[in-house]
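A.B. asks: here are the coordinates; sequence isn't available:
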């Protein structure tokens, strides 16, 4: 029985890693192709490596940390305890490590921000792109008020990232998204260790 459980856990973790790699490497492609063919961007202009270690990136990381801590406080409310398939149950079952959390946070932060902020936001603007971002993640669900409530908690953060992208650049948004996800993953990993 333990062997079967370990195989399921490994399949789940492998699947999460595959999704992470797809997010990191495939999600940015449509954004790059649009910016390349329509706006004339080069790959260097799309990625903006020179901005990685900027004060704007640090500002984004700090925003993500602060907002994640606020979200964790809200997610501790009793209304969220009755959600089916809670993320912490999934994390607990996969037995994610700190390195898994870092990897997945990098994949989501870079891949999703390049797709949504650098790509879609260029076409649709920050308001519409933010709502689509939260909806695509399943957090605006008219059939489940509790999930939608979480969507309303995270939506202001996504608005901040979107408007921050326009004012501080994409590495601000990537840093904010990365640190937000990382803090939530770390909290979930810590919670799963205490409940085992």
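C.D. replies: Looks like it arrived, so ask away. These numbers come from a predicted model, not from an experiment.

A.B. asks: okay, the spatially most central residue of the chain and residue 184: tell me how far apart.
C.D. replies: In the chain, the C-alpha nearest the mean C-alpha coordinate belongs to residue 108, at 4.7 Å (CA atoms, centre = their mean). Distance of residue 108 to residue 184, computed by CB to CB, to the nearest Å: 11 Å. For glycine as for every other residue, the C-beta is placed from the backbone atoms N, C-alpha and C.

A.B. asks: coming back round to it: just the element for the spatially closest residue to the residue nearest to the centre of the chain that is not a sequence neighbour, please.
C.D. replies: If you skip the residues right next to it in sequence, residue 108 has residue 181 as its closest partner in space, 5.3 Å away by CB to CB, 6 or more residues apart in numbering. Assigning secondary structure by DSSP states H and E places residue 181 in helix 170-194.

A.B. asks: what are the buried residues along that helix?
C.D. replies: 170-189, 192 (16 or more other CB atoms under 10 Å).

A.B. asks: show me what that helix is packed up against.
C.D. replies: With contacts defined as 3 or more CB pairs under 8 Å, 6 or more residues apart in numbering; DSSP states H and E, the packing partners of helix 170-194 are helix 55-75, helix 87-94, helix 98-113, helix 145-168.

A.B. asks: quick one: distance of that helix to the chain centre.
C.D. replies: The chain centre lies 8 Å from the centre of helix 170-194; the measure is CA atoms, centre = their mean, to the nearest Å.

A.B. asks: quick one, it and helix 98-113 angle?
C.D. replies: Relative orientation of helix 170-194 versus helix 98-113 (axes from the mean of the first three to the mean of the last three CA atoms, to 10 degrees): 150 degrees.

A.B. asks: for the residue nearest to the centre of the chain, what are its contacts?
C.D. replies: Contacts for residue 108 (CB atoms under 8 Å, 6 or more residues apart in numbering) come out as 20, 23, 177-178, 181.

A.B. asks: got the confidence number for it?
C.D. replies: Among the per-residue scores, residue 108 shows a pLDDT of 97.

A.B. asks: same question for residue 96.
C.D. replies: Among the per-residue scores, residue 96 shows a pLDDT of 85.
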